[in-house]
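Q: here you go, sequence then predicted model.
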Amino acid sequence: MQKSDCIIGVEHVSKFFGDKAVLNDVNLSVRKGEFVTILGPSGCGKTTLLRLIAGFQTASEGVITIAGKEITQTPPHKRPVNTVFQKYALFPHLNVFNNIAFGLKLKKLPAAVIEKKVKQALKMVGMTDYEDRDVDSLSGGQQQRVAIARAIVNEPEVLLLDEPLAALDLKMRKDMQMELKEMHKSLGITFIYVTHDQEEALTLSDTIVVMSEGKIQQIGTPIDIYNEPINSFVADFIGESNILNGLMIKDKSVSFAGHEFECVDEGFGEHTPVDVVIRPEDIYIFEPSEAAMLTGTVTSSIFKGVHYEMMVQTPEGFEFMVQDYHCFDAGQEVGLLVKPFDIHVMKKERVCNTFEGKMIDTTHVEFLGCTFECKEVSGIEPETPVRVEIGFGDVILEDNEEDGRLTGEVKFILYKGNHYHLTVFTDWDEDIFVDTNDVWDDGDRVGITIAPENIRIVQSNNKEGSDNK
Ligand code: ATP
């Protein structure tokens, strides 16, 4: 993008509340006239990013620019942006006209100009005959239209929208999505839209910014994000996916679910652990035949309106979701096939948990704010900083928080075909990743235990022979 095309620039922006980083080195460049959606699960920092652009909060680090001018410290009313919130925040004592005219009256514009602008804005949102109505007498959708009119009447260069449709019912939300898209086209200004609804993001946007835990995971067009997710988080968050642990054997050859498959990916090296993502609509399902790459038994089959969604269990113990126009009933034996192009191979973000810690004595190590017993370590002095490595499958979660050495909350749950991969946000404010066959729910409070023999100590400078392998 040419510098002159960029309307909003976010450069190395971080935001801390206390010592918690809610945004961590965020970089984003928004083109003039673009419809950009910031998408991510609750708590990932998307509203905070929008509030920094609006000026309701100030970045702890980094720079924000609008049309090339730095505005990191500029107050909200001096920025050429307006915000539409989830809760309409209309003035209940004013009618529709006066709600929309409010900002213009503060600017002391002549009455005739105000009237013309308000009428134009009402026309834009399809509310021409409503100017005298009390806002209380309007439906949720109509109130949101008034809130949008109140924002666009100021002719901002950028309209910021924070989950504006979240309070509406499904039918109204769909209608409003189409209207917003039309409005974006006819106004010709930049929209930055925040949502946790992936379908909304795919429908509305020119560009989607996927966020998780204060970081941008991927920026791309809806088609790029859907077809080429950069990691298993994005693949899981956007649409339905089969996500499995795999091993890249060599270029164009990957093994997963107990079999070797041809793929199109190269450059991962040999025998490298990877994540494999296959969309359910990319798996062919048919009567058992020689063409099958995998065989299995259908365990459930649900009609989804256009296609059937079927779960297939393979003899190797892996489960696949398959979508097809033909129905195979529960209990039926089937064959499955995936084309090389539809096997998406992704670099794993990590292969085990790694923490900074320090030795207490030869059989105790401190990390995540607790002291853990470990296998005897020779040659590392007490107080020496060490790296602690723990396999995902070696972390044990307990129902009773008191039974754990440490406590935390289950945050993200990724089903990987034959087990769950969980992110647990510990009360020490660091994540621990867990592979388990047990079923946990998002938000469950857990105790966390690690057996001494599963705690691997590596001296921070990687000195040979001093760890407890
Ligand atoms: P949601 O969709 O639930 O609104 P979000 O992705 O928009 O989530 P934010 O509202 O940006 O997330 O919040 C990100 C994190 O920052 C959350 O953990 C939240 O509790 C925290 N946070 C937000 N504002 C403050 C504040 N003023 N003080 C302390 N923590 C805050």
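A: Structure received.
Q: need the contact list for Phe341.
A: Going by CB atoms under 8 Å, 6 or more residues apart in numbering, Phe341 touches Val264. The C-beta positions use only the backbone N, C-alpha and C, and glycine is treated the same way.
Q: now it: how far from Arg279?
A: Applying CB to CB, to the nearest Å, the value for Phe341 to Arg279 is 12 Å.
Q: give me the number of neighbouring residues for Ser255.
A: 16 (other CB atoms under 10 Å).
Q: try the one 10 residues further on
A: The burial metric for Asp265, expressed as a neighbour count using other CB under 10 Å, is 17.
Q: which pLDDT value goes with the nearest residue to it once chain neighbours are set aside?
A: Closest residue to Asp265 apart from its sequence neighbours, by CB to CB, 6 or more residues apart in numbering: Val345 at 4.1 Å. Reading off the confidence values, Val345 has pLDDT 94.
Q: for Val345, phi and psi?
A: Main-chain dihedrals, Val345, degrees, to the nearest 10: phi -100, psi 130.
Q: my guess is Leu368 contacts Asp429, does it?
A: No. If you go by CB atoms under 8 Å, Leu368 and Asp429 don't touch, sitting 9.3 Å apart.
Q: for those two, indicate the residue with more neighbours.
A: Shown here are Leu368 and Asp429; by other CB under 10 Å, Leu368 has more neighbours (21 against 13).
Q: just give me the neighbour total for the nearest residue to that one once chain neighbours are set aside.
A: Spatial nearest neighbour of Leu368, chain neighbours left out: Trp428 (4.6 Å); criterion: CB to CB, 6+ apart. Applying other CB under 10 Å, we find 15 other residues in the vicinity of Trp428.
Q: okay but Trp428 is in contact with Glu409, surely?
A: No. Using CB under 8 Å, Trp428 is not in contact with Glu409; the gap is 11.9 Å.
Q: what residues does the protein have near the ligand?
A: Within the chain, the positions near the ligand by CB under 6 Å from any ligand atom are Phe17, Val22, Gly40, Ser42, Gly43, Cys44, Gly45, Lys46, Thr47, Thr48, His196.
Q: now the buried members of those.
A: Val22, Gly40, Cys44, Gly45, Lys46, Thr47, Thr48, His196 (16 or more other CB atoms under 10 Å).
Q: among these, which are located in strands?
A: Counted as lying in strands by DSSP state E, out of these, are Val22.
Q: greatest separation within the buried ones among the residues of the chain next to the ligand: which pair is it?
A: Val22 and His196 (15.7 Å; CB to CB).
Q: hang on, the earlier thing: and the buried ones among the residues of the chain next to the ligand, which of them are in helices?
A: The helices, defined by DSSP state H, take in Lys46, Thr47, Thr48 from these.
Q: wait, what's in contact with the second one?
A: The reference is to Thr47. Asp162, Glu163, Val194.
Q: the same query, at a cut-off of 7 Å, please.
A: Asp162, Val194 (CB atoms under 7 Å, 6 or more residues apart in numbering).
Q: how about the last one?
A: Taking CB under 7 Å, 6+ apart, we find Thr48 in contact with Lys15, Val22, Leu23, Gln57.
Q: how about a cut-off of 10 Å?
A: Taking CB atoms under 10 Å, 6 or more residues apart in numbering, we find Thr48 in contact with Val13, Lys15, Phe17, Val22, Leu23, Val26, Phe56, Gln57, Ala59, Val194, Met211, Gly214.
Q: and Lys78, by the same measure?
A: Going by CB under 10 Å, 6+ apart, Lys78 touches Gly55, Ile71.
Q: ok, Ala292 next?
A: Contacts of Ala292 by CB under 10 Å, 6+ apart are Tyr284, Ile285, Phe286, Val334, Gly335, Leu336, Leu337.
Q: give me the low-pLDDT residue ranges for the stretch 1-150 of the chain?
A: 1-3, 88 (pLDDT under 70).
Q: in the stretch 101-250 of the chain, what residue lies closest to the ligand?
A: His196 (5.1 Å; CB to the nearest ligand atom).
Q: per-residue pLDDT, that residue?
A: Model confidence at His196 (pLDDT) stands at 90.
Q: quick one: Ile66 and Ser29 touch, right?
A: No. Taking contacts as CB atoms under 10 Å, Ile66 lies outside contact range of Ser29: 11.9 Å.
Q: spit out the residues that contact these two alike.
A: The contact sets of Ile66 and Ser29 overlap at Cys6, Ile7, Ile8, Gly9 (CB under 10 Å, 6+ apart).
Q: which of the residues you listed sits closest to the ligand?
A: Nearest member of the shared contacts of Ile66 and Ser29 to the ligand, counting by CB to the nearest ligand atom, is Ile8, at 17.0 Å.
Q: what is that closest one paired to in the beta sheet?
A: Ile8 has these beta-bridge partners by DSSP bridges: Val30, Ile66.
Q: hmm, it is touching Val158, no?
A: Yes. Shown here, Ile8 and Val158 form a contact pair, counting by CB under 10 Å, at 6.4 Å.
Q: for the nearest residue to Gly55 once chain neighbours are set aside, give me its contacts.
A: Using CB to CB, 6+ apart and skipping residues adjacent in sequence, the residue nearest Gly55 is Pro76, 3.6 Å away. Counting by CB under 10 Å, 6+ apart, Pro76 touches Arg51, Ile53, Ala54, Gly55, Phe56, Gln57, Asn82, Thr83.
Q: which elements pack onto the longest helix belonging to the chain?
A: Ranked by number of residues, the top helix in the chain under DSSP H is helix 170-187. In this structure, helix 170-187 makes packing contacts with strand 35-39, helix 111-124, helix 140-152, strand 158-162, strand 190-195, helix 198-204, judged by 3 or more CB pairs under 10 Å, 6 or more residues apart in numbering; DSSP states H and E.
Q: can you give me how far it is from the chain middle?
A: On the basis of CA atoms, centre = their mean, to the nearest Å, helix 170-187 sits 23 Å off its chain's mean C-alpha point.
Q: domain boundaries for the chain, per the record?
A: 6-228, 240-346, 352-459 (the TED database).
Q: I'd like these as JSON lines, with distance to Val234 appended.
A: Shown next, in JSON lines, are those (distance: least, CB to CB, whole Å):
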{"stretch": "domain 6-228", "distance to Val234": "5"}
{"stretch": "domain 240-346", "distance to Val234": "9"}
{"stretch": "domain 352-459", "distance to Val234": "11"}
